[in-house]
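Asker: Only the shape, not the letters, is given here:
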């Protein structure tokens, strides 16, 4: 007899009502709030869309716009903002679509595929957003530099440029680490399970 | 309309809740996590209940939602805890040779399944519940051939834990 057979018998004979939950309690549970991974990805993603806009409260954009007009960059600023918001709209739409497609009634592999895809959309958005921010900052900084430091010595310009690059790089690394920590923690289990499930498929393909 | 859907859900869910309890017992190691996962599965089954068309058996559909919630949506992971419990578990399994009741066997079986990884847990669970390979492959989203290969490996792992 197979080792598992006697355990299987014990499994089949296990009592069905040892932990019965009443209808009243089931009702309370069905009305409570979910705390699933998907819900957390959704909350964090919404924050990622909103957070960059909170700078409106801290940065005086009138002052900022004056910098643009002083430098003769009004058109650049206009197109820059237009591009940024088209990009935002595109990503919000994509994110909404993939979030909507997540359903626990899918098979396990497709469900994990969909969750990881949604997560990837937000990740791409974040990277694009960050890149746009740094590209604009770099362009404006260099033009300001060129405009104001024209009479300055080459060494002074060099020091300024290097400092700027270092500051930007450190900011990117900090952003990146924070980001990895946040999602790494949330998705570690999912990644591991996905690997366990998909491993054999990859080998046989 | 909503009221009658709620009533129907409560009836279906209450009748089949033992499936959810078994899933919770496999995927968690203490009562508080058990209750936590039970609640999350209840929410997920209810959330999708209007999509359940009745062309499959409610219980079949519930296996899928319950396992998906445990494998993909539930945040807590108990794998490391289980590994630490392993030596203790071996000792307990050896000692049941002297007290070979079905209740002890069931306890040993649950403890052994808890040591497996999340996917192997699902495979072994579906085997114990007498699910055909077609249903297992459809639930997990892998081919029937892969389901068979994975199932044999999972069963071997389980046998080794139960009979070291």
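Answerer: Cool, the structure landed. As the structure is a computational prediction, the values presented were derived from the model and not from experiment. Numbers count the residues shown, from 1 in each chain, chains lettered A, B, ... in the order given.
Asker: Please enumerate the helices of the chain.
Answerer: I'll assume chain A. Along chain A, the segments classed as helices by DSSP state H run A:3-12, A:23-30, A:37-50, A:55-58, A:61-71, A:74-100, A:108-148, A:154-204.
Asker: you looked at the wrong chain, it should be chain B
Answerer: When assigned using DSSP H, the helices of chain B occupy the ranges B:2-27, B:31-49, B:58-68, B:79-84, B:86-95, B:102-115, B:118-128, B:133-140, B:144-162.
Asker: who does the second one touch, helix- and strand-wise?
Answerer: Right, the one you point to is helix B:31-49. Using 3 or more C-beta pairs under 8 Å, 6 or more residues apart in numbering or on different chains; DSSP states H and E as the contact criterion, the neighbours of helix B:31-49 among helices and strands are helix A:23-30, helix B:2-27, helix B:58-68. Bear in mind the C-beta positions are built from the backbone N, C-alpha and C, glycine included.
Asker: Let me know which of those helices is tucked in deepest.
Answerer: When neighbours are counted by mean count of other C-beta atoms under 10 Å in any protein chain shown, the highest per-stretch mean among the helices and strands packed on helix B:31-49 falls to helix B:58-68, a mean of 22.
Asker: Can you tell me what sits against it?
Answerer: A:104-108, A:111, B:12-13, B:16, B:19-20, B:23, B:41, B:44-45, B:48, B:52, B:122, B:125-126, B:129, B:131, B:135, B:139-140 (C-beta atoms under 8 Å, 6 or more residues apart in numbering or on different chains).
Asker: Please work out the average pLDDT along it.
Answerer: Mean per-residue pLDDT for helix B:58-68: 92.
Asker: Would you mind getting the angle between that helix and helix B:31-49?
Answerer: Using axes from the mean of the first three to the mean of the last three C-alpha atoms, to 10 degrees, the direction of helix B:58-68 lies 120 degrees away from that of helix B:31-49.
Asker: Next, the buried residues of stretch B:65-79.
Answerer: Taking 16 or more other C-beta atoms under 10 Å in any protein chain shown as the basis for neighbour counts, the residues of stretch B:65-79 that come out buried are B:65-75, B:78.
Asker: Dump these to CSV, plus distance to residue B:104.
Answerer: Formatted as CSV, the entries for these read as follows, by distance: C-beta to C-beta, whole Å:
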residue, distance to residue B:104
B:65, 32
B:66, 26
B:67, 27
B:68, 32
B:69, 30
B:70, 25
B:71, 28
B:72, 33
B:73, 33
B:74, 29
B:75, 32
B:78, 22
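Asker: Could you single out the nearest of those residues to residue A:159?
Answerer: Using C-beta to C-beta, residue B:75 is the member of the buried residues of stretch B:65-79 that lies nearest residue A:159, at 48.0 Å.
Asker: ok, the closest residue to that closest one other than its chain neighbours to residue A:50 distance?
Answerer: Distances taken as C-beta to C-beta, 6 or more residues apart in numbering or on different chains put residue A:37 closest to residue B:75, at 5.7 Å, once the chain neighbours are dropped. Distance, residue A:37 to residue A:50, using C-beta to C-beta, to the nearest Å: 20 Å.
Asker: Compare neighbour counts for these two and give me the winner.
Answerer: When residue A:37 and residue A:50 are compared on other C-beta atoms under 10 Å in any protein chain shown, the one with more neighbours turns out to be residue A:37, at 20 against 9.
Asker: How much space separates the more buried one from residue B:26?
Answerer: From residue A:37 across to residue B:26, the span is 19 Å (C-beta to C-beta).
Asker: and what of residue B:104?
Answerer: In this view, residue B:104 and residue B:26 are 18 Å apart by C-beta to C-beta.
Asker: Check residue B:10 too.
Answerer: 24 Å.
Asker: tell me which helix or strand of chain B sits lowest on mean pLDDT?
Answerer: For chain B, counting by mean pLDDT, DSSP states H and E, helix B:79-84 ranks last in confidence among helices and strands (a mean of 42).
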